[in-house]
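[1] Okay, predicted coordinates and the sequence, questions at the end:
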Amino acid sequence: MPEDAPVVDPGPQQSAEPVPAAEDVPAAPRPRRRRGRGRTALLIATAAVLGLVAGTCTGFVIQADREPTRLAPLSQPVVAQAKGDGPEPLSAAHDHRVKTDGDLRKLLLSRPKGTKTPDWAPEQDGWLDLAGYASSLDHSDREFGDLIKSEFRRGAGVSWTVGSTYNTQIRLVQYRQEESLGAADRVSWWDVEDTRSWPVPGANDGMVYLFKPETKPGYLPLYKAQASASRGDIAMEIWIYDSKPIPKSKIMDLAKRQLERL
């Protein structure tokens, strides 16, 4: 070939091996999808719950169709109902509430003949309200609060005087006793120091006291005797004041007679 002859590009060389057709090429294998363990467990649990519910419903249906089982007979025989009127209410001799729920003033001792009712008596028509009773005691402000705490219900009293120096006061104070035993507690609260004391027969907490006389220059001596006891929800309180010594027999006699009326 001459040197100035043009060079012809022979083009891309083809391989001598034949090219396979598309349908002859094998397809690549697809990756397998793994089934999660949680889904399997959930299916099993759901099936178990459905089986339990179905079994329960079936049991209820079967039980509803059955006749109810009869209860065993009672071992105690049937008691026939009594006929006729009921028992009569208890008398005052057997039921103290018949007395104490009535007119409390009727349980007080009567004022002796020849005596006078003092002008300073705190009771009105025999009744003694909370304020009037508290005002008749020492430290009335404190006593007023203590009486409320003790569940004061009502009170009754009678007072009389003989001459210008002797006077007697009797109080019956009733308590509700819903939270505490107000009557018995009240009897044990009195300040009875520097006294001589004796028990009142027939009363568990009944006592009489004779105090030492109070003396002050220019004044007559003041002698004081006291008796206290409780019966149920009522506290009994008796005071005697005089310018002369008070015999034990006088305060004891009043205490006994007043307790008998309760």
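    That came in fine, so what should we check first?
[2] make it CA atoms for all contacts and neighbour counts henceforth
    OK.
[3] Pull out the buried residues from the helix or strand that contains R196.
    Using DSSP states H and E, R196 sits in strand 195-199. Within strand 195-199, the residues scored as buried using 16 or more other C-alpha atoms under 10 Å are 197, 199.
[4] quick one: average pLDDT of the following helix or strand past that strand?
    Per DSSP H and E, the first helix or strand lying C-terminal to strand 195-199 is strand 207-211. Confidence for strand 207-211, expressed as mean pLDDT, is 95.
[5] Strand 207-211 packs against which elements?
    In terms of contacts (3 or more C-alpha pairs under 8 Å, 6 or more residues apart in numbering; DSSP states H and E), strand 207-211 is packed against strand 195-199, strand 223-231, helix 248-261.
[6] List the strands paired with the first one, with their directions.
    When you say that, I think you mean strand 195-199. In the sheet, strand 195-199 lines up against strand 207-211 (antiparallel) (DSSP bridges).
[7] quick one, the partner strand and helix 248-261 angle?
    Calculated by axes from the mean of the first three to the mean of the last three C-alpha atoms, to 10 degrees, strand 207-211 forms an angle of 150 degrees with helix 248-261.
[8] Strand 207-211 relative to strand 223-231, how many degrees between them?
    Interaxial angle, strand 207-211 versus strand 223-231 (the same axes, to 10 degrees): 160 degrees.
[9] which stretch among the helices and strands packed on strand 207-211 comes nearest W189?
    When the helices and strands packed on strand 207-211 are compared for distance to W189 using C-alpha to C-alpha, the nearest one is strand 223-231, at 10.5 Å.
[10] Which positions within that closest one qualify as buried?
    Applying 16+ other C-alpha under 10 Å to strand 223-231 flags 223-231 as buried.
[11] now stretch 127-142
    Across stretch 127-142, burial judged by 16+ other C-alpha under 10 Å covers 127-130, 132-134.
[12] Now tabulate these in JSON lines and tack on distance to D141.
    Below are the buried residues of stretch 127-142 laid out as JSON lines (distance: C-alpha to C-alpha, whole Å):
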{"residue": "W127", "distance to D141": "20"}
{"residue": "L128", "distance to D141": "17"}
{"residue": "D129", "distance to D141": "15"}
{"residue": "L130", "distance to D141": "11"}
{"residue": "G132", "distance to D141": "12"}
{"residue": "Y133", "distance to D141": "11"}
{"residue": "A134", "distance to D141": "7"}
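[13] which one of these sits closest to A47?
    Of all those, L130 has the smallest distance to A47: 77.7 Å, by C-alpha to C-alpha.
[14] Can you verify my assumption that the closest one contacts G145?
    No: using C-alpha atoms under 8 Å, L130 is not in contact with G145, being 10.0 Å away.
[15] Can you pull the residues that touch both of these two?
    Listed as contacting both L130 and G145 by C-alpha atoms under 8 Å, 6 or more residues apart in numbering is no residue at all.
[16] ok, back up a step: which among the buried residues of strand 223-231 gets closest to W198?
    A227 (9.5 Å).
[17] Can you tell me, leaving aside adjacent residues, what's nearest to that closest one?
    V208 (4.2 Å; C-alpha to C-alpha, 6 or more residues apart in numbering).
[18] In contact with that neighbour, which residues?
    Counting by C-alpha under 8 Å, 6+ apart, V208 makes contact with 197-200, 225-228, 251-252, 255.
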